[in-house]
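Quick one, fold the following:
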Amino acid sequence: MSYLLFQVTLFVYILSTAAYAVYFYSQRKEIRAIARAILVSAGVLHTVYLAARYIEAGHTPLTSHHETVSFFAWSLTWGYLSFHWRYNVRNFGTFVSPLITVLMLIAAFSSREIVPLPPALRSGWLPFHASVAIMANAFLALAFCGGLMYLLQERELKKKRFGLFYSRLPSLEALDALNQHCLAVGFPLLTLGIITGSIWAKQAWGAYWQWDPKETWSLITWFLYAALLHQRFTVGWRGRRAAIMAIIGFSAALFTLWGVTCFMGGVHAYVG
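The predicted model follows:
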């Protein structure tokens, strides 16, 4: 049953991406409302799927590649929707929904086999640490999308050729504020994820920090975002620099999530 539920959820996400694309070109408000309603439906279906997967696996579904990427997509969906209900950022959904669909497609092509948990993962820290760390990535992904939108808008303004994006994207000031709001949520979550992971490592392996590749790259990612926030609040970094740093930081976060596991191994190698 969970297999069918996931397939239906994926299909609804694809529909929402298509609807947001149509809205981007047409700019008709009724299509935007439809796109948003479809995305909310996909988020609800996804929540039901995760609950079904939890019942089926007997543990929090955050231990395989499929589960991790699926939860990433779920976090991004609800992170975007919660953000949208507070801040009105025009056409933000057009940039976020394709990323959600790509994540779901990656999850769809990953093995969905449920395997017994290794001893180190049989801990109450699993749901808290893993979910916080992935939700941090979701808000950093939103900052990444905002950074891309900023650079596209800035490019058209500098060239003074007002094409497809100029009239459809918010002002540079609004996009810079979006970047700051996303980081204001994502960075504390990233910090909390590292702290809880360290406490869990002490419980599982007897040491708070082992310089495992994933731990090291988590720290590198944290320093990148800490540097961005430090420069923003002390030196006044705004706009283009902040947008580029948001993109670089998210690239580091993705490498920490997948690249380290694929290319470096370590004690986190069994985690997606």
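
Now stretch 100-118: average pLDDT?
Mean pLDDT, stretch 100-118: 90.

Quick one: end-to-end distance for it.
Distance between the two ends of stretch 100-118: 29 Å, counting by Cα to Cα, to the nearest Å.

Would you mind listing the buried residues in that stretch?
In terms of neighbour count (16 or more other Cβ atoms under 10 Å), stretch 100-118 has its buried residues at 100-101, 103-104, 106-107, 110, 112, 114, 117. Every C-beta, even on glycine, is put in place using the N, C-alpha and C of the backbone.

Which of those residues sits closest to residue 15?
residue 101 (9.6 Å; Cβ to Cβ).

Can you report how many residues lie near residue 262?
By the criterion of other Cβ atoms under 10 Å, residue 262 has 10 neighbours.

before we move on, back to that, quick check: the farthest pair among the buried residues of stretch 100-118?
Checked with Cβ to Cβ, the buried residues of stretch 100-118 reach their widest spread between 101 and 117, with 29.4 Å between them.

I'd like the distance from stretch 216-234 to the chain centre, please.
17 Å (Cα atoms, centre = their mean, to the nearest Å).

Excluding its own residues, what touches it? List them.
The contact list for stretch 216-234 (Cβ atoms under 8 Å, 6 or more residues apart in numbering) reads 140, 180, 183, 186-187, 190-191, 193-194, 197, 237-238, 241-242, 245-246, 248-249, 252-253, 255-256, 259-260.

repeat for stretch 162-178
Here stretch 162-178 makes contact (Cβ under 8 Å, 6+ apart) with 24, 27, 87, 89-92, 142-143, 146, 149-150, 152-154, 156-157, 238-239, 242-243.

starting at the chain centroid, how far to that stretch?
Centre-to-centre, stretch 162-178 and its host chain are 22 Å apart (Cα atoms, centre = their mean).

how far does that stretch stretch from start to finish?
22 Å.

any low-confidence regions in this structure?
Where the chain drops to pLDDT under 70, the residues are 264-272.

circling back: and which of the buried residues of stretch 100-118 is nearest residue 127?
Relative to residue 127, the closest of the buried residues of stretch 100-118 is residue 117; by Cβ to Cβ it sits at 12.2 Å.

and the residue nearest to residue 74 when sequence neighbours are not counted, how far is that from residue 75?
Closest residue to residue 74 apart from its sequence neighbours, by Cβ to Cβ, 6 or more residues apart in numbering: residue 46 at 4.8 Å. In this view, residue 46 and residue 75 are 10 Å apart by Cβ to Cβ, to the nearest Å.

Give me the common contacts of those two.
Counting by Cβ under 8 Å, 6+ apart, nothing touches both residue 46 and residue 75.

Those two: which has the busier surroundings?
residue 46 (26 against 23).

so what's the backbone phi/psi at the residue located most distally from the centre of the chain?
Distance to the chain centre peaks in the chain at residue 160, reaching 32.7 Å (criterion: Cα atoms, centre = their mean). Backbone dihedrals for residue 160, given as degrees, to the nearest 10, come out at phi 60, psi 30.

can you start the count at 786 instead of 1 from here on
Happy to do that; since the first residue is 786 now, the last one works out to residue 945.

For residue 1010, see how far away it is.
Taken as Cβ to Cβ, the span from residue 945 to residue 1010 is 33 Å.

now swap in residue 887 and tell me
From residue 887 over to residue 1010 the distance is 23 Å, taken as Cβ to Cβ.

Also residue 908?
According to Cβ to Cβ, residue 908 stands 27 Å off from residue 1010.

mind checking the SS state of residue 900?
Three-state assignment for residue 900 (DSSP: H, G, I helix; E, B strand; the rest coil): coil.
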